[in-house]
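**Q** Here is a sequence together with a model predicted from it:
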Amino acid sequence: MGLTEILMIAGFLLAAYSIIANDAIQTLGTFLASNSHRPWWVLWIFGGGVLAFVILFGWISSGGDPAYGRLEKFPEPAGGITWIHVVPPLVILMLTRFGIPVSTTFLVLAIFNPGNIDEMLIKSGAGYLVAFVVAILVYRFVINNVTEYFEKTKNEPIPFYWVMLQWLSTAFLWSMWLIQDLANIFVYLPRTLSLVEVMLATAFMVGLIGIVFYQFGGEIQKIVTSKTGTTDIRAATIIDFIYAIILLVFKEWSNMPMSTTWVFLGLLAGRQFAITLHMYNPPLNETSRLVLSDAAKAGLGLIVSLTLAFGLPPLYNALT
């Protein structure tokens, strides 16, 4: 096995670990928060099962490509995978330790083809705005009858049908997220994989999901639980369903990958503002501070992404 193959495998393993630790919790965070009373391994079987199904279905339906064709504009590097391609997932790992919800789409894919940054940025920015506006509208019009009701009945037993609805909405959302973000992981591997290769990759990623559930999401989970009502299974169901619908719409828009992190932050920001404007709890200035803090972290991730995308290739050329 040559150096290129070693870097290819190392890049995939690091990307899978860093992206699942950073991004997956944005999808599964409300599910974890509202099911914290259940054994972690039960949640793992559920999340891992959906993950395996989505990967294998994509591999079959796309002729050996588990990324669902989202790497069409990101061809394999002419000279193979080098050390500059392995740096982004390492950066993601470091930023994740500080609870920074960076966009792994920008950090990882930008280094493979910086020319696509503008299109990814436009699509991701639109995703944030759509999620923000939709969350405000939905929560503003249903808040009188729904959110207040959830608050008043939060100590009462939750009907079983809400549990079923939440698990269904989580499976829907988890699937939509995977279809968007699998490209960030499989970009390190050949665009067509054999059955053995895709099975090994799937087993590794299912194991990583187990670690995320065992650790209850880590630092990124704090962003979810800091928002009002995310531990209520009914509120979590609404959040997940709206998020999934938005991702579905943007999935159909084009095959260009987008930042699911930005959609996630836009959804939580809009929802938080709607609740604050109606209930004045927490105060508006506190809500603004939380939203701006999350946006600043996402902006920091974008700056890091652009720095790596445009700075590493010249550095690599200079050293070689």
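**A** Yep, it's here.

**Q** count of residues packed around the closest residue to Leu208 other than its chain neighbours?
**A** Among residues not flanking Leu208 along the chain, Ile20 sits closest, at 4.7 Å (CB to CB, 6 or more residues apart in numbering). Every residue, glycine included, has its C-beta placed from N, CA and C. Neighbour count of Ile20, defined by other CB atoms under 10 Å: 22.

**Q** and if you look at Ile19?
**A** 25.

**Q** Next, the contact list for it, please.
**A** Contacts for Ile19 (CB atoms under 8 Å, 6 or more residues apart in numbering) come out as Pro89, Ile92, Thr104, Val108, Asp181, Asn184, Ile185.

**Q** which stretch of helix or strand covers it?
**A** Following DSSP states H and E, one finds Ile19 within helix 3-19.

**Q** circling back to that earlier point, touching, the residue nearest to Leu208 and Val212? I think so.
**A** Yes: using CB atoms under 8 Å, Ile20 is in contact with Val212, at 6.2 Å.

**Q** Next secondary structure element downstream of the least confident helix or strand in the chain by mean pLDDT?
**A** Sorted by mean pLDDT, DSSP states H and E, the helices and strands of the chain end with helix 221-225, the least confident at a mean of 47. On the C-terminal side of helix 221-225, the closest following helix or strand by DSSP H and E is helix 233-253.

**Q** Please name every helix or strand in contact with that following helix.
**A** Where contact means 3 or more CB pairs under 8 Å, 6 or more residues apart in numbering; DSSP states H and E, helix 233-253 is packed against helix 25-34, helix 117-142, helix 147-152, helix 160-186, helix 260-279.

**Q** Tell me the buried residues in it?
**A** By 16 or more other CB atoms under 10 Å, the buried positions in helix 233-253 come out as 233-244, 246-248, 250-251.

**Q** What lies in contact with that helix?
**A** Contacts of helix 233-253 (CB under 8 Å, 6+ apart): 27, 30-31, 33-35, 123, 126-127, 130-131, 134-135, 138, 146-147, 150, 158, 162-163, 165-166, 169-170, 172-173, 175-177, 179-180, 229-230, 258, 260, 263-264, 267-268, 271.

**Q** Report the buried residues of the longest helix belonging to the chain.
**A** Taking DSSP state H as the criterion, the chain has its longest helix at helix 284-319. For helix 284-319, a neighbour-count test (16+ other CB under 10 Å) marks 287, 290-291, 294, 297-298, 301-302, 304-306, 308-309, 312 as buried.

**Q** Report all helices and strands that that helix contacts.
**A** helix 83-97, helix 117-142, helix 260-279.

**Q** Chain neighbours aside, what residue packs nearest to Thr104?
**A** Ile19 (4.6 Å).

**Q** What distance do you get for that neighbour to Leu129?
**A** Separation of Ile19 from Leu129 (CB to CB, to the nearest Å): 24 Å.

**Q** now do Trp44
**A** Taken as CB to CB, the span from Trp44 to Leu129 is 34 Å.

**Q** The two: which has the busier surroundings?
**A** Neighbours per residue (other CB under 10 Å) separate Trp44 from Leu129, with Trp44 holding more: 18 against 14.

**Q** Same list (the buried residues of helix 284-319) but as TSV, adding distance to Pro114 and pLDDT.
**A** Output for those, formatted as TSV (distance: CB to CB, whole Å; pLDDT from 0 to 100):
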residue	distance to Pro114	pLDDT
Thr287	36	66
Leu290	32	69
Val291	29	71
Asp294	26	70
Lys297	22	71
Ala298	19	72
Gly301	16	72
Leu302	13	76
Val304	14	78
Ser305	10	76
Leu306	8	80
Leu308	10	79
Ala309	4	78
Leu312	10	81
